[in-house]
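Engineer: With the input below, show me the fold.
(2 chains)
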Amino acid sequence: MTVDEEPQDDVLASVARLKPRDVSSRHAHRLRRLCHAALQTPSGRHTAAVAARGMFFSRVVGPALGGAWCLAYLMEIVRRAAAMYLLHP
Amino acid sequence: MTEMDRADERSVVARLRAGDIDAFDEVYDAYRPRVFAFLLRMTRNRMLAEDLLDETWLRLVRHAPKLLPDTRVGPWLFTVARNLYWNYRRDSLVPDASVPDLLTLWPSPVPWPSPFDLAAAGELERRVERALATLSPQYREVLLLVAHEGLTPAEAAVVCGVSPDALRQRLLRARAALARTLEDTPAVAGLKKGYAI
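Structural biologist: Prediction:
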């Protein structure tokens, strides 16, 4: 079989004959409307960029800020505990 | 519309780039079932396949203005769908093989093929579906793209991100693996004897 030759044998033919599958008509209709809306509005086409920015915040900036706040909180607790211990050993 | 010739495809791509809804509908009607069937057989999970299908089409819409004039729509869609599937697999902490079992823990599992799907399928189709499901995803995708979706091996190579020679080798191995899996079943005994299927 060459690279661009159509494979023709019974095993591959049995795969070729598998029934088509599709989503429900309701799902197909909903997705079509969603895509139409995104296609029609210029802002819709920028959804990906906005979503990417949102994902960057939720995956990187948010956890980093949270982690920094937790670290500062922990350090302050340790500092106060150490101060109390040093004042009243 | 099931297949587009090159001139039609260029025209559709040009209209898609301009945000034409009718062009989108042409592509959507032609490729939605095919991309969904591919994703369903790759993921073996209807809900997941539906999610990945949604994302595939939304990516087409988002990237429509940036499509190159000579973009092949079908291979582009299958490439996106395939990459989404592999990204999901990479991000997933649960090995693919254990997903069907774990899904039964959820209140509304929709694994695939469901008992209803199996009951509706013919005997041979059932065997082929089950045999396909046991293959590795790499073998499954190449068989589905070439044998079921009708992509040329060269197009499938682009979709899978491998060289045409590598794709050809993978296709031969996948075909052999599928034949081995089917060998024990009476249906393929029929195949071997040349019975009509």
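Engineer: Need the residues that contact stretch B:7-18.
Structural biologist: Stretch B:7-18 has contacts (CB atoms under 8 Å, 6 or more residues apart in numbering or on different chains) with B:4, B:22-24, B:26-27, B:60, B:64-73. To be clear about C-beta, it is placed using only N, CA and C from the backbone, and glycine gets the same treatment.
Engineer: how about 7 Å then?
Structural biologist: With CB atoms under 7 Å, 6 or more residues apart in numbering or on different chains as the test, stretch B:7-18 has contacts from B:4, B:23-24, B:26-27, B:64-65, B:67, B:69-73.
Engineer: Now do it: distance to the chain's middle.
Structural biologist: Relative to its chain's centre, stretch B:7-18 lies at 24 Å (CA atoms, centre = their mean, to the nearest Å).
Engineer: same thing with stretch A:79-87?
Structural biologist: Worked out by CA atoms, centre = their mean, stretch A:79-87 lies 44 Å from the chain centre.
Engineer: I figured B:Val159 was touching B:Leu145, is that so?
Structural biologist: Yes: between B:Val159 and B:Leu145 there is a contact under CB atoms under 7 Å: 5.9 Å.
Engineer: which residues are in contact with both of these two?
Structural biologist: Shared contacts of B:Val159 and B:Leu145 (CB under 7 Å, 6+ apart): B:Phe78, B:Leu151.
Engineer: Going through the contacts of stretch B:7-18, which ones are buried?
Structural biologist: For the contacts of stretch B:7-18, a neighbour count by 16 or more other CB atoms under 10 Å in any protein chain shown gives the buried set as B:Met4, B:Ala23, B:Phe24, B:Glu26, B:Val27, B:Ala64, B:Thr71, B:Arg72, B:Val73.
Engineer: Keep those residues, but drop any that are not near chain A.
Structural biologist: Among the buried ones among the contacts of stretch B:7-18, the residues within reach of chain A (CB under 7 Å from any CB of the partner chain) are B:Phe24, B:Ala64.
Engineer: Mind checking which of the buried ones among the contacts of stretch B:7-18 land in helices?
Structural biologist: Among the buried ones among the contacts of stretch B:7-18, the members falling in helices (DSSP state H) are B:Ala23, B:Phe24, B:Glu26, B:Val27, B:Val73.
Engineer: mind listing the helices for chain B?
Structural biologist: B:6-17, B:21-43, B:46-63, B:73-91, B:99-103, B:115-120, B:123-134, B:137-143, B:153-160, B:164-183, B:186-192.
Engineer: Now the ones you listed in JSON lines, please, with extra columns for mean pLDDT and distance to A:His29.
Structural biologist: Formatted as JSON lines, these follow (pLDDT from 0 to 100; distance: least, CB to CB, whole Å):
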{"stretch": "helix B:6-17", "mean pLDDT": "87", "distance to A:His29": "20"}
{"stretch": "helix B:21-43", "mean pLDDT": "94", "distance to A:His29": "11"}
{"stretch": "helix B:46-63", "mean pLDDT": "93", "distance to A:His29": "13"}
{"stretch": "helix B:73-91", "mean pLDDT": "92", "distance to A:His29": "19"}
{"stretch": "helix B:99-103", "mean pLDDT": "50", "distance to A:His29": "26"}
{"stretch": "helix B:115-120", "mean pLDDT": "64", "distance to A:His29": "22"}
{"stretch": "helix B:123-134", "mean pLDDT": "85", "distance to A:His29": "27"}
{"stretch": "helix B:137-143", "mean pLDDT": "93", "distance to A:His29": "28"}
{"stretch": "helix B:153-160", "mean pLDDT": "92", "distance to A:His29": "28"}
{"stretch": "helix B:164-183", "mean pLDDT": "92", "distance to A:His29": "35"}
{"stretch": "helix B:186-192", "mean pLDDT": "48", "distance to A:His29": "37"}
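Engineer: Done for today, thanks.
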